[in-house]
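# Build me a structure from this.
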Amino acid sequence: MSSGNKPKTKITIKPFRHQVQMDPNYAENTWSLLRNAIHEIHKKNASGLSFEELYRNAYNMVLHKYGDRLYSGLRDVVHQHLREVADQVTSVHDDQFLDAINTAWSEHKVSMLMIRDILMYMDRVYVVHNSVASVYDLGLQLFSENIARNPKIKDRLLKLVLDSIKRERGGEVIPRSQLKSVTQMLVDLGISSRAVYEEDFEKPFLETSASFYRVESLQFIAENSCSDYMRKVEIRLKEEVERVQHYMDPATEPKIREVAERELISNHMKSLVEMEGSGEVSMLKDDKLDDLNRMFNLLGRVPKGHELMRNVMSALVKETGKAIVEAPENQSKDKSYVQTLLDLKDKYDKILNIAFVNEKQFQHCLNQAFEFFINLNQRSPEFISLFIDEKLRKGLKGATEEDIEKALDKVMTLFRFIQEKDVFEKYYQQHLAKRLLLNRSVSDDAERSMIQKLKTECGYQFTSKLEGMFTDMKLSADTMDNFKAYVQDLEPGSLGGVDLSVHVLTTGYWPTQPNAKSVLPQEVQRACEVFTKFYLNNHSGRRLAWQTNMGTAELRAQFGPKKHELTVSTYQMAILLLFNQTSSMSFKDMLEHTGVTVVDLKRNLATLTSAKYKLLLIKGAAAAAKKKKDDDEEKEDGEGAGAGAVEKAAPTPITEDSVFLFNDKFRSKLYRVKILQVVQKETEPEREGTQKKIDEDRKHMIEAAIVRVMKARKSMEHSALIAEVTKQLAGRFRPNPVMIKKRIESLIERDYLERSAQSQKTYNYLA
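As a prediction, the model looks like this:
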């Protein structure tokens, strides 16, 4: 057998161990030494202890595997000590109870910090390996079990703390530092959680607070007005926040605030807002801005508080506005109607800015309310246009540019609420035409500023005609300069002594009337023919149609020995010049000689025979007036003077049988007399005619919108097409779905659209 097959022998060399025999009483002796030290610490005699020696002894016990004995011994010693402390605390009178608790807690913390220093090695090794509470945390647990949650102490402590808070709410001064120590103790006893604080203090505190404010709020609301109640609530909420800041955990603040807000505000907000004589309605009517702001802030703290306020405000504004737009006295007074609405808007804008800090939802609610009632009156667009007309004619004289802008901006706020903006456009076009042609506008800058505002609001298309009117006025001025040069080259007297001034208006820009015709006096007609020849020679292919209803004239008149210059309308000129050949003329003869319509003739004669001017007299009217005066004097003699005011004579009505006389006794202090036509509101037939034009324009706009949408989409379902067309036209007016449907049918008949073969409710665009 070879040597390579011999088994190998493994040799193990063990280290030499010196066997040390440990004293069998080592653990108990060492623990006894440490226990005595802990007792001395509890007795506040720690100054005589050697912390270095004590630390070494504790270190050796842990090192020699006696950590269990050390840890359990510590727990037993501290537990026993705290039971003795608990007995001392329970024996104290209520006046000293909180002090006793705080003293015990303060001394315990100091003791546990010293003990932790001695047993630091146990904290680092034994506690970590065995997953038990650290020395200091063990002390907290034991304090919680033996004192803080001791059945004899816990309820008593809570009662005293809550009683102190109740006394403070009643106005007493309490030792806040004591309560701060107690609440901080409960937080610390939670050991990285708020469980002890929440269960032993916070939860009962919130429950008692809710009960307190529930009772107090009922008493407050029964004894106080809404304003006074809200002031008290503000004070209470402020007090609760301060209370938390002084002696509670910061996390309690949102909870107590929620409780107080629920009991003081949320549960009573409907009663507060609707309180008779002092609620929100009363505040809004009386402009109580401070109270409204206070209500806004308080109700903003609770869910649906602002929503309730908005609903009340909206209902009041709608009710007030509806009363304005439906009031009989405002149906014919455009100035007072619009001014009243502007005053109402100013009132609520001030409330919105100051009390409601321009909050967007309140602003939206206010706008919706105004839009609701303004559109109840179909004449709102007309009245707003008339109001602007009055301001731009004379209402802004002497005003600065800033004042003008401010006034126009105010009117624009109402304009934005109008749904039928095309109706406004039609009336504004009529009123602007009169201002430009009669030179009654107070300022071209103000006119252009207003048009710019309308353009910004509604787009270029809305103001294109209005801007075209200004262009015509500028071109007309250049045309008249050229015409005057042309006349100078003609024979003298070619215009028959007439100084002619013409405005050439582009058809479509101006509200012209195709049937506005009249028979002009020969000398005026001759001058017009000269201008026509001049114009057509310079602009071939054009046609002129004279709008005599839109012109003015200046006449020199002789009234007995007196001479005057009269500024009149073209129709009035035609009427007055008839009296160069006769001193009297019947209504029917005037109708024949002037060619004016019956309505226009009556309207202009009403001005010429009015009490203010009396250029013409109605035959028989003077005698009737004298007879009535004699009868009144006779009646006063019979009944005694001072019986009452004499009734003012009504103007004599103009009929087709009336006969008119030239009044050569007319007198005036002024040499130049401006005869203003009697301003008459649009008659019902005229209003129907205007509405008919508007409806016709709407048909074209609806059809254009339909074609635009269908050209882009190619195919579209009926309801979707209605919705899209309505959306596109909302800036001009609110189209009726029935009207849109009729225009769709018309476009189908004219082969712009067709119904889909798959569905009758779907339309296809035909290119």
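# backbone phi and psi for Val325, please?
The phi and psi torsions at Val325 (degrees, to the nearest 10) take the values phi -70, psi -20.
# and it, what does it touch?
Listed by Cβ atoms under 8 Å, 6 or more residues apart in numbering, the contact set of Val325 reads 337, 341, 373-374, 376-377, 380. In this view, the C-beta of every residue, glycine as well, is placed from N, C-alpha and C.
# cool, Val173 as well?
Counting by Cβ under 8 Å, 6+ apart, there are no residues that Val173 touches.
# got a pLDDT number for it?
Residue-level confidence at Val173 comes out at 91, pLDDT.
# so is it in a helix, a strand, or just coil?
Using DSSP: H, G, I helix; E, B strand; the rest coil as the criterion, the local structure at Val173 reads coil.
# how close does it get to Ile165?
According to Cβ to Cβ, to the nearest Å, Val173 and Ile165 sit 13 Å apart.
# same deal with Asn102?
Computed as Cβ to Cβ, the Asn102 to Ile165 distance reads 17 Å.
# cool, and Arg743?
Where Ile165 is concerned, Arg743 sits at a distance of 74 Å (Cβ to Cβ).
# for Glu261, same thing?
From Glu261 to Ile165 the distance is 18 Å (Cβ to Cβ).
# ok, residues contacting the helix or strand containing Phe205?
Counting by DSSP states H and E, the element that carries Phe205 is helix 203-223. For helix 203-223, the surrounding residues in contact (Cβ under 8 Å, 6+ apart) are 158, 161-162, 165-166, 169, 229, 232-233, 236, 240, 252, 255-256, 259-260, 262-264, 267-268, 271-272.
# now do 10 Å
With contact meaning Cβ atoms under 10 Å, 6 or more residues apart in numbering, helix 203-223 is reached by 155, 158-159, 161-163, 165-166, 169-170, 183, 197-198, 228-230, 232-233, 236, 240, 243, 248, 252, 255-256, 258-265, 267-268, 271-272, 275.
# now Trp105, nearest residue through space, not along the chain?
Sequence neighbours aside, Met185 is the residue nearest to Trp105 in space, at 4.8 Å (criterion: Cβ to Cβ, 6 or more residues apart in numbering).
# Can you name the residues that contact the one you found?
101-102, 104-106, 108-109, 140, 143-144, 147-148, 157, 196-197, 200-201.
# Out of the residues you listed, list just those in strands.
Of those, none are assigned to strands by DSSP state E.
# Return a selection command, for use in PyMOL, containing the buried ones of those.
Burial among the contacts of Met185 is assessed by 16 or more other Cβ atoms under 10 Å; the matching PyMOL selection reads:
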select buried, resi 101+102+104+105+108+140+143+144+147+148+157+196+197+200+201
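# helix/strand/coil for Glu565?
When classified by three-state DSSP, Glu565 comes out as strand.
# any idea what Thr582 is structurally, helix, strand or coil?
When the structure is split into helix, strand and coil by three-state DSSP, Thr582 lands in coil.
# quick one: it from Asn353, how far?
For Thr582, the distance to Asn353 - Cβ to Cβ - is 67 Å.
# Also Leu577?
From Leu577 across to Asn353, the span is 59 Å (Cβ to Cβ).
# Which one's more surrounded, the two?
Neighbours of Leu577 and Asn353, each counted by other Cβ atoms under 10 Å, are more numerous for Leu577; the result is 19 against 12.
# Surely that one is in contact with Tyr571?
No - Leu577 is not in contact with Tyr571 according to Cβ atoms under 10 Å; the separation is 11.1 Å.
# Please identify every residue contacting each of the two.
553, 594.
# gap between the host helix or strand of Ile351 and the chain center?
Using DSSP H and E, the secondary-structure element containing Ile351 is helix 334-354. Taking Cα atoms, centre = their mean, to the nearest Å, the mean C-alpha location of helix 334-354 is offset from the chain mean by 13 Å.
# In CSV, please show the C-alpha coordinates belonging to that helix.
Once side chains and other backbone atoms are set aside, the C-alpha atoms of helix 334-354 remain, and they are given as CSV (Å, rounded to 0.1, in the frame of the first residue of the first chain):
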residue,chain,number,x,y,z
ASP,A,334,-86.3,106.3,-21.8
LYS,A,335,-84.1,108.7,-19.8
SER,A,336,-85.5,107.8,-16.4
TYR,A,337,-85.6,104.1,-17.3
VAL,A,338,-81.9,103.8,-18.2
GLN,A,339,-80.8,106.2,-15.5
THR,A,340,-82.6,104.2,-12.9
LEU,A,341,-81.0,101.0,-14.2
LEU,A,342,-77.6,102.7,-14.1
ASP,A,343,-78.2,103.9,-10.5
LEU,A,344,-79.1,100.3,-9.6
LYS,A,345,-75.9,99.0,-11.3
ASP,A,346,-73.8,101.6,-9.5
LYS,A,347,-75.3,100.7,-6.2
TYR,A,348,-74.6,97.0,-6.6
ASP,A,349,-71.1,97.5,-8.2
LYS,A,350,-70.2,99.5,-5.0
ILE,A,351,-71.5,96.6,-2.9
LEU,A,352,-69.6,94.1,-5.0
ASN,A,353,-66.3,96.0,-4.9
ILE,A,354,-66.3,96.9,-1.2
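# Buried residues, that helix. List them.
By neighbour count with 16+ other Cβ under 10 Å, helix 334-354 contains the buried residues 334, 337-338, 340-342, 344-345, 348, 351-352.
# With stretch 304-321 instead?
Buried, per 16+ other Cβ under 10 Å, within stretch 304-321: 305-306, 308-310, 312-314, 316-318, 320-321.
# looking at this, Phe417 is in a strand?
No - the assignment for Phe417 (three-state DSSP) gives coil, which keeps it out of a strand.
# now that we're looking at it, how far away is Asp94 from it?
Counting by Cβ to Cβ, the gap between Phe417 and Asp94 amounts to 68 Å.
# Of those two, give the one with the bigger neighbour count.
Residue environment comparison for Phe417 versus Asp94 gives the larger neighbour count to Phe417, 20 against 10, counting by other Cβ under 10 Å.
# where along the stretch 601-750 of the chain do the strands fall?
616-618, 659-662, 672-674, 715-717 (DSSP state E, counting those that start in this stretch).
# and Gln368, which of these is closest to it?
Within those, the stretch nearest Gln368 is strand 715-717; the backing value is 29.8 Å (Cβ to Cβ).
# per-residue confidence averaged over that closest one?
Confidence for strand 715-717, expressed as mean pLDDT, is 87.
# tell me what that strand is packed against?
The contact analysis (3 or more Cβ pairs under 10 Å, 6 or more residues apart in numbering; DSSP states H and E) places strand 715-717 against helix 684-713, helix 718-729, strand 753-755, strand 762-765.
# Each with direction, which strands does that strand pair with?
Strands adjacent to strand 715-717 in the sheet, as given by DSSP bridges, are strand 762-765 (antiparallel).
# can you list contacts of the strand it pairs with?
Outside strand 762-765, the residues that touch it by Cβ under 10 Å, 6+ apart are 706-707, 709-718, 720-721, 744, 747-748, 752-758.
# let's see 8 Å
Strand 762-765 has contacts (Cβ under 8 Å, 6+ apart) with 707, 710-711, 713-718, 721, 744, 748, 752-756.
# now the helices: where do they sit in the stretch 401-550 of the chain?
With DSSP state H, counting those that start in this stretch applied, the stretch 401-550 of the chain shows helices at 401-415, 421-437, 444-458, 460-488, 522-538, listed in chain order.
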